[in-house]
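Novice: everything below, folded, please.
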Amino acid sequence: MPTDAKVVRRVLRAGYSFVLYLLVPWVLLRLAWLGMRNPGYWRRWRERFGRVPVAYAGRRPVWIHAVSVGEVQVARALVERLRELRPGLDLLVTTTTPTGADLLAQTLGSSVRHLYFPYDLPHVIRRYLERIQPALVMLIETEIWPNLIAACGDRDIPVLLINGRLSARSYAGYRLGGELVRSAVAGLRGIAAQSAEDARRLVKLGAASAGVTVTGSIKFDARIPASLREQAEPLRRSLGVNRPVLIAASTHSGEEEQLLSAFARIRSTRPDALLLLVPRHPERGDAVAALVRARGLRCCRRSEGAIDVAADVFLGDTLGELALFYAAADVAFVGGSLVPVGGHNLLEPAALGIPVLTGPHVFNFGEIVTLLERGGAVTLVRNAEELADRVSALFGDATRRIQAGEAGRAVVRANRGATQRVLEVLSPWLPRAPAALPVTRPAADP
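Specialist: Take a look at the predicted model:
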């Protein structure tokens with residue numbers, strides 16, 4: 001690379017870092033505010049500033065970064081396969097949110113180590129890398145951090161983007177970063193992109209086309225336990241075997257109000273209907289329960305244990321049980337889509353053979369939505385009224401529900417295999433596995 005270009009990139013990173021340092025007080029205030037809703041943000045917060053426990057030093061792990069719940073699901077599938085192929089690999093998974101950390105602990109337990117992801121400040125990244133000394137870094141989906149990628153490049157640590165996706169909105173936002181982002185993307189040693197469109201955008205953003213491989217989405221490969229339906233039967237009996245059940249999953253603030261309006265419309269024709277409402281962030285349980293009760297509806301909460309058979313709304317305010325809730329429902333609405341969040345994973349209900357509906361704001365899952373639409377496996381609704389009408393129609397037509405559910409299963413089956421293709425991309429970069437080392441968990445902050 002010409003010297004002038006290197007100087008320009010260093011200057012741009014210096015400017016970017018300067019702005020980040022100015023934002024540190026705001027970051028601390030935000031961390032404190034988030035901790036008021038979820039105390040997990042207050043625990044082990046030093047890790048975010050590079051204060052890694054001594055027990056993590058010098059173990060040369062494969063570092064996988066999974067921001068939150070959705071990315072942890074991808075990391076889980078990847079870790080399970082890596083454990084099969086290279087049982088001695090030392091694996092470190094980082095998350096940004098405590099919700100992601102909790103799900104990681106529930107699903108993978110002590111088979112991996114966990115830390116919180118560091119802020120992209122030069123001294124923080126330097127301290128983090130000096131302590132953990134990763135042999136390989138994998139960023140899942142849409143994570144482009146200029147200082148991290150540059151620091152890894154200086155140390156000859158390969159950084160790969162796995163299950164990479166870049167929506168039109170994200171692409172437009174990253175383009176504003178100009179040469180700063182372009183140099184970061186160019187610093188990725190390899191990219192496993194979900195779709196041809198994701199690959200095209202990443203190349204336009206600066207990735208070397210020879211290093212980009214279209215692998216599909218690992219989310220198609222999620223393993224559903226054969227016993228899940230059996231596990232869901234007691235819950236379904238408690239909710240009411242003959243009641244039509246709509247699950248509204250991964251919902252956000254501003255969305256529950258619309259869903260409750262839709263539910264009122266559904267109950268005008270199906271007064272026995274039950275809404276299984278699962279907010280994306282369980283810590284919002286109190287606020288969502290208050291919304292439900294303000295509508296004069298009877299609400300029971302999973303977190304409180306006992307199920308009220310007379311409840312109108314069952315609030316799934318726990319972590320790690322979404323698949324169980326899906327298996328207990330007749331029709332699924334996937335949230336983050338009636339508000340401009342970008343949608344959430346539609347493949348879990350589709351794989352279970354449940355008719356799927358979603359709102360118009362699905363820009364984070366454009367390719368998956370297109371595949372499901374082509375297969376007749378998803379219905380897009382523009383508002384609460386359309387949602388109510390479509391759900392009511394499905395409740396009244398068992399044949400149509402079965403057909404839509406089977407269409408979802410077919411789409412998922414036809415698109416499996418991404419994990420194996422990703423492993424083929426990873427293979428040249430994976431270190432030789434040493435003898436298995438004991439997993440160490442960081443002590444909680446006092």
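
Novice: quick check: phi and psi on I132?
Specialist: Main-chain dihedrals, I132, degrees, to the nearest 10: phi -90, psi -20.

Novice: for the closest residue to it other than its chain neighbours, phi and psi?
Specialist: In space, and not counting its chain neighbours, I132 is closest to Y56: 5.4 Å by Cβ to Cβ, 6 or more residues apart in numbering. C-beta here means a position set from N, CA and C on the backbone, and glycine is covered the same way. For Y56, the backbone dihedrals are phi -90, psi 0 (criterion: degrees, to the nearest 10).

Novice: was I right to think Y56 contacts R127?
Specialist: No. Here Y56 lies out of contact with R127, judged by Cβ atoms under 8 Å, at a distance of 11.9 Å.

Novice: could you give the bridge partners of A332?
Specialist: With beta bridges defined as DSSP bridges, A332 has these partners: I247, V356.

Novice: that one touches L357, doesn't it?
Specialist: Yes. The pair A332 / L357 is scored as a contact, 7.0 Å apart, by Cβ under 8 Å.

Novice: ok, the residue nearest to I132 - how many residues close by?
Specialist: A total of 19 residues lie near Y56 under the criterion other Cβ atoms under 10 Å.

Novice: relative to Q106, how far out is it?
Specialist: 22 Å (Cβ to Cβ, to the nearest Å).

Novice: then L228?
Specialist: Distance from L228 to Q106, by Cβ to Cβ: 15 Å.

Novice: what are the boundaries of the strands in this structure?
Specialist: 62-65, 91-95, 113-116, 136-140, 159-164, 190-193, 212-214, 245-251, 274-279, 299-301, 313-315, 331-334, 356-358, 378-380 (DSSP state E).

Novice: format these as CSV; extra columns: mean pLDDT and distance to A398.
Specialist: Compiled in CSV, the strands of the chain are given as follows (pLDDT from 0 to 100; distance: least, Cβ to Cβ, whole Å):
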stretch, mean pLDDT, distance to A398
strand 62-65, 96, 42
strand 91-95, 96, 41
strand 113-116, 95, 44
strand 136-140, 97, 39
strand 159-164, 96, 36
strand 190-193, 97, 39
strand 212-214, 97, 38
strand 245-251, 97, 14
strand 274-279, 97, 17
strand 299-301, 96, 27
strand 313-315, 97, 22
strand 331-334, 98, 11
strand 356-358, 98, 16
strand 378-380, 96, 16
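
Novice: so which of the ones you listed comes closest to A5?
Specialist: Minimum separation from A5 across the strands of the chain (Cβ to Cβ) falls at strand 159-164, 19.4 Å.

Novice: in the closest one, which residues are buried?
Specialist: For strand 159-164, burial by neighbour count (16 or more other Cβ atoms under 10 Å) applies to V159, L160, L161, I162, N163, G164.

Novice: and the furthest pair within the residues you listed?
Specialist: Across these (Cβ to Cβ), the longest gap, 14.4 Å, separates V159 and N163.

Novice: tell me the contacts of L276?
Specialist: L239, V245, L246, I247, A248, V313, F314, G316, F325, A328, A329 (Cβ atoms under 8 Å, 6 or more residues apart in numbering).

Novice: which strand residues bridge it?
Specialist: In beta-bridge terms (that is, DSSP bridges), L276 pairs with I247, F314.

Novice: gap between it and D312?
Specialist: 11 Å.

Novice: what of R46?
Specialist: Taken as Cβ to Cβ, the span from R46 to D312 is 45 Å.

Novice: higher neighbour count, the two?
Specialist: Between R46 and D312, D312 has the larger neighbour count (other Cβ under 10 Å), namely 21 against 13.

Novice: give me the pLDDT for the more buried one.
Specialist: Predicted confidence (pLDDT) for D312: 96.

Novice: what's the closest non-adjacent residue to it?
Specialist: D312 sits nearest to L297 (Cβ to Cβ, 6+ apart), 4.2 Å away.

Novice: the one you found: neighbour count?
Specialist: Neighbours around L297, by other Cβ under 10 Å: 16.

Novice: again, but for P271
Specialist: The number of residues near P271, taken as other Cβ under 10 Å, comes to 8.

Novice: list the contacts of the spatially most central residue of the chain.
Specialist: Compute the mean C-alpha point of the chain, and by Cα atoms, centre = their mean the closest residue is G70, 1.4 Å away. Applying Cβ under 8 Å, 6+ apart to G70 gives the contacts E141, H344, N345.
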